[in-house]
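Visitor: Show me how the following folds:
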Amino acid sequence: MFSVEEIKNNADIIGVISEYVPLSIAGNRAKAVCPFHTEKTPSFHVNSERKSWKCFGSCNEGGDIISFIQKIENVDFSQALKILGDKLGIRETNFSNNNSRKDKDVISEIHKINKIASEYFRNKLLSKDGVKIVEYLNNRGYEKDDIEKRGFGLSLSGTNSLAGYLKINNVSSKIAKESGLIVQKKDGTWGDMFYDRLMINIYDSDGNVIGFGGREIHDNSNSPKYINTNATPAFDKSANLYGINWSKDNIRKKNQAIVVEGYMDVITAHKHGYNNVVAAMGVAITGKQINLLMKYFNNDEPGKIILCLDSDNAGIEATNRVLEVIVDYMSSNKIKENINIEIAQIDIKDPSTKKMIKDPDEAIKVSPIEWENSLKNTKNIIDYIIDVKYIHYSLEESPKNTEKFVIDISKIINLINKDELPNFTKSLAKKLDISHREITNLLNKGIQKYTSKNYHTLKNKIKAIDDNLDVLDEHFLSLLIKYDDLKEYGIAIPENYIKQSDNRMIFSLWKNNFIESGIGVDQEVKEKIEYLRLRDIPESNLTRKVEDINQIIKRLKERFLRELKVQEIEDLKSNPELKDKIVENSLDSNENLRKVFTGKNN
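Guide: Below you'll find the model as predicted:
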């Protein structure tokens, strides 16, 4: 571990940040165009005396040197400390902060309660309550040995079944809540997170049960097919891979990992001898998950990661989101040079029904030869990206999109070996039916465009800032829809504080008590409301929720006032004859912004 204070005290914040951002330095201060959102006028300021950075532009981000590294490198707190420790030549010590031991103790307790819950779920599955579910598993090809080996279980339909069992076993309510097994319901009472579901243990690489997946037993369009344990000190879905405990040794032996999407894909693969398969658990694979895989690859031998996600529309979209993560990850030189990432496309028909097979689970059972062929005939990530983008830009029908296509794929140039680049550009020019000179000019144009914005570390951040406009609205609405106790805090907020039009409509419906009745609400809006209702929000008490919503309201107001300032400037440019009136209004908005920043209302 690293000492947090030692890192902060020894880091030259201007020196470190200047490695990532071209700073204009004056004494103990520096400024630049913000790396976390697009802008022309520098609003990103660094103060070495205060050891802090702050953007006064639209993203309004700020913090210390550790938070900067977290954002710019897209890593968690401990990884940021490691990066800074390496830069500063500070060696790891046996302490990081006062909470590290406490955190480890909490995680250990969660492992214990999860083991108790796992045994409870398994016993229920093997009891008379689980007869039909065992029959369902048998029909899918899973036997009693699989139930024991892979950690299947059953949560009963009552919402306090597990809660009562944990109480009998002297599990404190505090740790039960921290484990995510017990959650607060709409009426304010506490009960089981999982009920009426086929349960699946999720293990870490050491075989500890860190969380659970729950598959719906009955077809119910109002409930998601799969749910996971919410984030806890022991479980971060974005940093874990399902099946890594069974696969890690075989990944080492083969220097190859196959990444699929779901639990059943992994269980079926291992049952049929594909013992280096892991699952991203329904998310686009993350940098943290790739980091986890990298631990098991041999540095001296060529290795391969094969992405084999579902071939339905959702699976294809997931694969494409994966590519965005991987391009950034590889471009940042975080992946070992001799590890190739390839895509396996499941394009298989069921021999009996002639229907397309959508996922590895089905493919392995129904068409094992074709499944094996899909693993042999993988496409490297560069070729796959080019093919996907070629279709995206409809170049067969719209050759005019050639320039956009080439500029877009210029992002992958850093993934191509220098010696192979001439052949790559010649092949691409031939594919597009343009000259080699034209292709190199367009690629250079794209490279200049992206590297001038520090593309490799900032592209996802810029996208995230844009997306955050929606996320802020959605988090606000989710709190209001889920928790009636917060109504008094949201009711007075002007509707124009909500940026997105669909979210503004939902806010209006909520204010007028039309959410529950559904009167005059079309299907698309109903679906969005249901999404907001089911959206994961960390469990907390009422005081924390009030703090949360007040902070969000402050950010909504600040965003609104900032955009109002931008509009005033535009109005002044286009209507100089109204200068006095616009300036008068501007003074009001300046005062309102001051109140937001200071927290004072007078």
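
Visitor: didn't residue 87 look like it was pressed against residue 16?
Guide: Yes: if you go by C-beta atoms under 8 Å, residue 87 and residue 16 touch, sitting 6.5 Å apart. (Each C-beta comes from the backbone N, C-alpha and C, glycine too.)

Visitor: And residue 398, how close does it get to residue 240?
Guide: 42 Å (C-beta to C-beta, to the nearest Å).

Visitor: Which of those two has more residues huddled nearby?
Guide: residue 240 (23 against 11; other C-beta atoms under 10 Å).

Visitor: my guess is that one meets residue 289, correct?
Guide: Yes: with contact defined as C-beta under 8 Å, residue 240 reaches residue 289; the gap is 7.3 Å.

Visitor: So in this protein, where's the weakest helix or strand by average pLDDT?
Guide: helix 579-598 (a mean of 53; mean pLDDT, DSSP states H and E).

Visitor: just checking, residue 41 is part of a strand?
Guide: No: the assignment for residue 41 by DSSP: H, G, I helix; E, B strand; the rest coil gives coil, which leaves it out of any strand.

Visitor: where does it land on pLDDT?
Guide: Looking at residue 41, its pLDDT is 84.

Visitor: Once you drop chain neighbours, what's closest to the most centrally placed residue in the chain?
Guide: Centroid check for the chain by C-alpha atoms, centre = their mean gives residue 238 as the closest residue, at 6.5 Å. Nearest residue to residue 238, sequence neighbours excluded (C-beta to C-beta, 6 or more residues apart in numbering): residue 286, at 4.5 Å.

Visitor: what's around the one you found, how many residues?
Guide: 21.

Visitor: cool, residue 27 as well?
Guide: Neighbours of residue 27 using other C-beta under 10 Å come to 8.

Visitor: quick one, phi psi at it?
Guide: phi 70, psi -130 (degrees, to the nearest 10).

Visitor: Let me have stretch 242-261 in CSV, keeping just the CA atoms, if that works.
Guide: Extracted C-alpha coordinates of stretch 242-261, given in CSV (Å, rounded to 0.1, in the frame of the first residue of the first chain):
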residue,chain,number,x,y,z
TYR,A,242,-17.5,-14.7,-13.6
GLY,A,243,-15.7,-18.0,-13.7
ILE,A,244,-12.2,-16.6,-13.1
ASN,A,245,-11.8,-19.0,-10.1
TRP,A,246,-12.3,-22.0,-12.4
SER,A,247,-10.4,-20.5,-15.4
LYS,A,248,-7.3,-18.8,-14.1
ASP,A,249,-5.0,-21.9,-14.1
ASN,A,250,-6.1,-22.9,-17.6
ILE,A,251,-5.7,-19.3,-18.9
ARG,A,252,-2.1,-19.5,-17.6
LYS,A,253,-1.5,-22.9,-19.3
LYS,A,254,-3.1,-21.9,-22.7
ASN,A,255,-2.2,-18.2,-22.5
GLN,A,256,-5.6,-17.7,-23.9
ALA,A,257,-8.9,-16.5,-22.4
ILE,A,258,-12.4,-16.6,-24.0
VAL,A,259,-14.7,-13.9,-22.8
VAL,A,260,-18.5,-14.5,-23.1
GLU,A,261,-21.5,-12.5,-21.7
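
Visitor: Tell me the gap between that stretch and the middle of its chain.
Guide: In terms of C-alpha atoms, centre = their mean, to the nearest Å, the centre of stretch 242-261 is found 22 Å from the chain centre.

Visitor: Quick one: mean pLDDT for that stretch?
Guide: 94.

Visitor: Next, the buried residues of that stretch.
Guide: For stretch 242-261, a neighbour-count test (16 or more other C-beta atoms under 10 Å) marks 242-248, 250-252, 254-261 as buried.

Visitor: Just the ones of the residues you listed in helices?
Guide: Those of the buried residues of stretch 242-261 mapping onto helices are 244-248, 250-252, 254, per DSSP state H.

Visitor: what's the burial count for residue 212?
Guide: 26.

Visitor: Which parts of the stretch 351-500 of the chain are helices?
Guide: Remark: helices assigned in the stretch 351-500 of the chain by DSSP state H, counting those that start in this stretch are 360-366, 368-376, 381-392, 402-409, 421-432, 436-451, 455-482, 487-490.

Visitor: Out of those, which gets the lowest mean score?
Guide: Note on those: helix 455-482 shows the lowest mean pLDDT, a mean of 56.

Visitor: Quick one, which of the helices of the stretch 351-500 of the chain gets closest to residue 279.
Guide: Among these, the nearest to residue 279 by C-beta to C-beta is helix 360-366 (9.4 Å).

Visitor: Pull out the buried positions in the closest one.
Guide: Neighbour-count burial for helix 360-366, with 16+ other C-beta under 10 Å as criterion, is recorded at 360-366.

Visitor: Check stretch 476-492 too.
Guide: Buried residues in stretch 476-492 (16+ other C-beta under 10 Å): 476-483, 486, 489-490.

Visitor: Excluding its own residues, what touches it? List them.
Guide: With contacts defined as C-beta atoms under 8 Å, 6 or more residues apart in numbering, stretch 476-492 is touched by 186, 498, 503, 506-507, 510-511, 515, 529, 532-533, 535, 537, 542, 545-546, 548-550, 552-553, 556.

Visitor: so how far is the first residue of that stretch from its last?
Guide: Start-to-end span of stretch 476-492 (C-alpha to C-alpha, to the nearest Å) is 13 Å.

Visitor: Please tell me how far it is from the chain's geometric centre.
Guide: Worked out by C-alpha atoms, centre = their mean, stretch 476-492 lies 25 Å from the chain centre.

Visitor: One more: stretch 107-125?
Guide: 27 Å.

Visitor: Can you tell me what sits against it?
Guide: With C-beta under 8 Å, 6+ apart as the test, stretch 107-125 has contacts from 130, 133-134, 147-148, 151-156, 162, 165-166, 169, 171, 175-176, 178-179, 181, 199, 201, 208-212, 232-235.

Visitor: Is it possible to mark the buried ones in those residues?
Guide: 130, 133-134, 147, 151-156, 162, 165-166, 171, 175-176, 178-179, 181, 199, 201, 208-212, 232-235.

Visitor: Okay, and which of those map to helices?
Guide: Checking the buried ones among the contacts of stretch 107-125 against DSSP H, those in helices are 133-134, 147, 162, 165-166, 175-176, 178.

Visitor: Can you tell me which of those is closest to residue 10?
Guide: The nearest one, if we look at these relative to residue 10 and count by C-beta to C-beta, is residue 178, at 34.3 Å.

Visitor: Residue 232 is in contact with the closest one, correct?
Guide: Yes: if you go by C-beta under 8 Å, residue 178 and residue 232 touch, sitting 6.2 Å apart.

Visitor: Tell me the buried residues in stretch 342-349?
Guide: Of all the residues in stretch 342-349, those buried under the rule 16+ other C-beta under 10 Å are 342-346, 348.
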